[in-house]
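Enquirer: For reference, the sequence and a predicted model appear below.
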Amino acid sequence: MNGLVKSIIFAGMLTVAPVGMAAEAWVEVAVNSMGDRILVDQNSIQRDDNEVRYWEYQDKRQSRNLTTEVIGEQPVYGMMIYRTVDCVSGTSRMQRLVLFNADREVIRRVNYETAGGSQPMSGSSTASVIQYVCDLQ
């Protein structure tokens, strides 16, 4: 998966079919004020009525070394998130999180299967990504 993530970083839109995995189609959906790119794997989008599940990747232009972005002594430069969204309420719930260091190596995996949801701030890059996946038919 590290090779796949490295490919994501260097391509705005990418289709890759690793052995034993479905093809992935990463598309850049938003860029935040810090220059971080947010990509969505269009092939991961699953719908169930008003609920949408999908993978997103946040490519951090540079780590800002905030406490929440440093794992041990390694700054976080990338985040792969499996997210569930209620398109009616706009509530988003992070289910899985994979954090990457500057060399795009996995430094932590977290499972949030039972965590509650939240609504992103209006106009944020997360709100833009949620709108994008909810608008896709």
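Expert: All right, it came through fine. Predicted model only: the values in this text are computed from it and were never measured.
Enquirer: And stretch 81-95, what's buried?
Expert: 81, 82, 83, 84, 85, 86, 87, 90, 91, 92, 93, 94 (16 or more other Cβ atoms under 10 Å). Yep, even glycine has a C-beta here, placed from its N, CA and C like the rest.
Enquirer: and what of stretch 96-103?
Expert: Quick answer for stretch 96-103 (16+ other Cβ under 10 Å): 98, 99, 100, 101.
Enquirer: would you turn those residues into CSV with pLDDT?
Expert: Shown next, in CSV, are these (pLDDT from 0 to 100):
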residue, pLDDT
98, 92
99, 89
100, 89
101, 85
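Enquirer: taking these one by one, which sit in strands?
Expert: 98, 99, 100 (DSSP state E).
Enquirer: what's the following helix or strand after the least confident helix or strand in the chain by mean pLDDT?
Expert: The weakest-scoring helix or strand in the chain, judged by mean pLDDT, DSSP states H and E, is strand 13-16 (a mean of 39). Downstream of strand 13-16, the next assigned helix or strand under DSSP states H and E is strand 24-31.
Enquirer: Nearest the middle, which residue of this protein would you pick?
Expert: Note on the chain: the residue nearest the mean C-alpha position is residue 56, at 2.4 Å, using Cα atoms, centre = their mean.
Enquirer: Report the beta-bridge partners for that residue.
Expert: With DSSP bridges as the criterion, residue 56 is bridged to residue 40, residue 81.
Enquirer: The protein: strands as residue ranges?
Expert: Using DSSP E, strands in the chain cover 13-16, 24-31, 37-41, 46-48, 51-59, 70-71, 74-75, 78-86, 91-100, 106-111.
Enquirer: Next, the contact list for the nearest residue to residue 44 once chain neighbours are set aside, please.
Expert: Leaving out its chain neighbours, the residue that sits closest to residue 44 by Cβ to Cβ, 6 or more residues apart in numbering is residue 55, at 4.2 Å. Going by Cβ atoms under 8 Å, 6 or more residues apart in numbering, residue 55 touches 40, 41, 44, 80, 81, 82, 83.
Enquirer: gap between residue 55 and residue 82?
Expert: Between residue 55 and residue 82 the distance is 5 Å, computed by Cβ to Cβ, to the nearest Å.
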